[in-house]
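K.L.:
give me a 3D structure for the following:
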Amino acid sequence: MDDGWQRDLETLLAKGVDQGRFAADLDVPAHASEPLALLDGLSTRVVLGQRGADRAASLKHATSAATLLIPHA
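P.N.:
Just a heads-up that it's a prediction; the model follows:
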């Protein structure tokens with residue numbers, strides 16, 4: 001299951017590189033793994049119903065982290 005998500009994220013990042021949104025020398029597979037791990041953790045917290053771990057908060061955290069994890073052009 002994670003392999004599919006990994007491929008999807010790699011495709012999105014590669015498209016961003018092609019469009020000049022992300023750094024041209026971006027290591028796409030490595031940088032796809034980081035947000036995937038983050039999303040796994042956030043989704044687990046949401047599913048378990050942990051306090052403060054709702055969908056909106058998780059999306060905010062994921063967006064913030066992706067901005068830091070993925071080098072922009």
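K.L.:
neighbouring contacts of the helix or strand encompassing residue 3?
P.N.:
Counting by DSSP states H and E, the element that carries residue 3 is helix 2-18. Counting by C-beta atoms under 8 Å, 6 or more residues apart in numbering, helix 2-18 makes contact with 22-24, 26, 28-29, 31-33, 35-36, 39-40, 70, all of which sit outside it. To be clear about C-beta, it is placed using only N, CA and C from the backbone, and glycine gets the same treatment.
K.L.:
farthest pair within these?
P.N.:
The most widely separated members of the contacts of helix 2-18, counting by C-beta to C-beta, are 24 and 40 (28.1 Å).
K.L.:
which one's more surrounded, these two?
P.N.:
The neighbour count for residue 24 versus residue 40, taken as other C-beta atoms under 10 Å, is higher for residue 40 (12 against 9).
K.L.:
please name the nearest non-neighbouring residue to the more buried one.
P.N.:
Nearest residue to residue 40, sequence neighbours excluded (C-beta to C-beta, 6 or more residues apart in numbering): residue 2, at 7.7 Å.
K.L.:
may I have the helix or strand just after the helix holding residue 3 exported as CSV, CA atoms only?
P.N.:
Next along the chain after helix 2-18, taking DSSP H and E as the criterion, comes helix 28-48. Provided in CSV are the C-alpha atoms of helix 28-48 (Å, rounded to 0.1, in the frame of the first residue of the first chain):
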residue,chain,number,x,y,z
VAL,A,28,12.6,12.8,-5.7
PRO,A,29,12.5,9.3,-4.0
ALA,A,30,14.2,10.5,-0.8
HIS,A,31,12.0,13.6,-0.6
ALA,A,32,8.8,11.6,-1.2
SER,A,33,9.6,9.3,1.7
GLU,A,34,9.7,12.1,4.3
PRO,A,35,6.2,13.5,3.8
LEU,A,36,4.9,9.9,3.4
ALA,A,37,6.2,9.1,6.9
LEU,A,38,4.7,12.3,8.2
LEU,A,39,1.3,11.5,6.6
ASP,A,40,1.4,8.0,8.1
GLY,A,41,1.9,9.4,11.6
LEU,A,42,-0.7,12.1,11.2
SER,A,43,-3.3,9.7,9.8
THR,A,44,-2.7,7.3,12.6
ARG,A,45,-3.4,10.0,15.2
VAL,A,46,-6.6,11.0,13.4
VAL,A,47,-7.8,7.4,13.2
LEU,A,48,-7.1,6.8,16.9
